[in-house]
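Turn this into a structure:
(one chain, ligands or ions: 1)
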Amino acid sequence: MSPHSDHDHPATHAHGAREEKRPLLLGTRRSKLAVAQATWAAHRVTEATGRPVRLVTLSTEGDESDAPIERFGSTGVFVTALREALLAGKVDFVVHSFKDLPTAPEPELRLAAVPVREDPRDALAGPAGLPADFAGFPPGTRVGTGSPRRAAQILAVAPHVSVVPLRGNVDSRLARVSDGDLDAVVLAMAGLARLGRLADVVAPLPPETLLPAPAQGALALECRGADPATAAALAAVNDPETRRAVTAERAFLAGLDAGCTSPVAALAVREGDGRTLRLDGMVATPDGSTVLRRSLSAPVTRTEHARALGERLARMLLDAGGGDLLAAQPPVDDPRRRPAQAPHQPTTPALG
Ligand SMILES: NCc1[nH]cc(CCC(=O)O)c1CC(=O)O
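Purely as a prediction, here's the structure:
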């Protein structure tokens with residue numbers, strides 16, 4: 001921890017040694033997954049620094065509403081509410097699912113840590129006995145997902161299945177299967193693991209078939225840029241390997257300049273000697289009729305190398321026609337998404 005306490009910090013009243021014992025306030029949404037993620041992060045921070053962490057539940061508009069998530073521009077509303085509480089000094093830091101963050105940097109905030117990643121893969125969830133690969137599904141099998149990325153990749157290998165739009169929290173999505181309403185759902189392994197629902201997983205989906213969302217399974221710990229003491233404490237839980245992987249994946253997403261509901265996927269994994277990072281990237285049409293996939297490997301020992309790798313792979317996919325493919329997609333009901341012809345779109349979170 002930094003010996004300099006931040007006297008301007010509105011949530012800070014203690015000084016010197018007492019400051020180091022003051023609990024760090026961690027803002028979280030009230031959803032079960034958000035609380036599970038925040039609790040996990042809080043334990044990691046306390047373990048690594050000896051500093052107590054107290055959860056502060058913040059209510060966000062998105063949590064109260066039943067309106068389709070698209071109406072709020074993906075998960076942006078959750079992110080915004082947490083960031084506002086942080087900037088207002090109500091909490092010291094917040095935790096986001098990294099894949100739900102817009103790619104545009106937030107100048108007053110600091111990405112203080114990316115802790116070790118959960119399983120980045122997607123999972124097929126449903127009743128035991130379900131075939132573990134989509135191609136083996138009987139025609140008309142109803143598979144639930146609200147994610148264009150997942151839908152496109154499922155339809156690419158199994159155009160005979162019926163992809164059913166789905167939203168809501170992880171428990172309610174799983175309930176659609178036990179209710180008999182759907183035959184299967186596709187969800188992130190990470191969310192299922194954090195909620196203790198791995199028993200519902202029929203099989204993890206191989207990234208060769210279903211490439212995950214950029215940064216899936218990773219968390220982003222964010223504090224105020226002007227709060228170096230909190231940043232120093234949070235740095236203790238940063239995992240450099242995870243950070244390099246998600247930096248490459250997100251640079252790929254940003255480089256494509258994709259809309260927030262575009263079918264875009266990426267996964268970076270360490271290869272061979274451990275200094276080499278392999279990045280796989282994918283762009284598809286929503287119906288899965290065209291899937292563009294490319295891979296690049298490079299020595300990556302610094303975050304900047306990872307960013308360069310992601311940017312190179314984005315250019316490679318743009319050169320292969322990925323840009324036309326994304327531009328051809330119809331605009332969705334998202335106030336932040338401009339028509340396809342519009343110039344640069346600064347915020348590009350990936351949905352699901
Ligand atoms: N799209 C919503 C979302 N955002 C983060 C997770 C949990 C997994 C993660 O941290 O990547 C989920 C649920 C899901 O995709 O199944």
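
List the buried residues of stretch 275-284.
Leu277, Arg278, Leu279, Asp280, Gly281, Met282, Val283, Ala284 (16 or more other CB atoms under 10 Å). C-beta here means a position set from N, CA and C on the backbone, and glycine is covered the same way.

Can you get me a residue count around the closest residue to the last one other than its chain neighbours?
To tie it back to what came earlier, the one meant is Ala284. Nearest non-adjacent residue to Ala284, counting by CB to CB, 6 or more residues apart in numbering: Ala152, 3.8 Å away. Around Ala152 there are 25 other residues, counting by other CB atoms under 10 Å.

which residues does Ala152 contact?
Pro263, Ala284, Thr285, Pro286, Asp287, Gly288, Val291 (CB atoms under 8 Å, 6 or more residues apart in numbering).

backbone phi and psi for it, please?
Phi and psi for Ala152, reported as degrees, to the nearest 10, are phi -60, psi -40.

ok, now Asp280?
Dihedral angles (degrees, to the nearest 10) for Asp280: phi -110, psi 140.

Also the one 5 residues further on?
Listed backbone geometry of Thr285 is phi -80, psi 150, with angles given as degrees, to the nearest 10.

So it sits against Val264, correct?
No. In this structure Thr285 lies outside contact range of Val264 using CB atoms under 8 Å: 11.7 Å.

which one of these two has more residues nearby?
The neighbour comparison of Thr285 against Val264 (other CB under 10 Å) goes to Val264, with 29 against 19.

got a pLDDT number for the residue in the stretch 1-150 of the chain positioned nearest to the ligand?
Proximity of the stretch 1-150 of the chain to the ligand (CB to the nearest ligand atom) peaks at Ser97, 3.4 Å away. If you check Ser97, the pLDDT there is 96.

and the residue lying closest to Asp200 once chain neighbours are set aside, what does it touch?
The shortest distance from Asp200 to any non-neighbouring residue, by CB to CB, 6+ apart, is to Ala125 (4.6 Å). Ala125 sits next to Leu174, Val177, Ala184, Val185, Val186, Leu187, Leu192, Arg197, Asp200, Val201, Val202 when contact means CB under 8 Å, 6+ apart.

Can you list the strands that the host helix or strand of the last one pairs with?
Here Val202, judged by DSSP states H and E, is contained in strand 201-204. For strand 201-204, the paired strands and their directions (DSSP bridges) are strand 122-125 (antiparallel).
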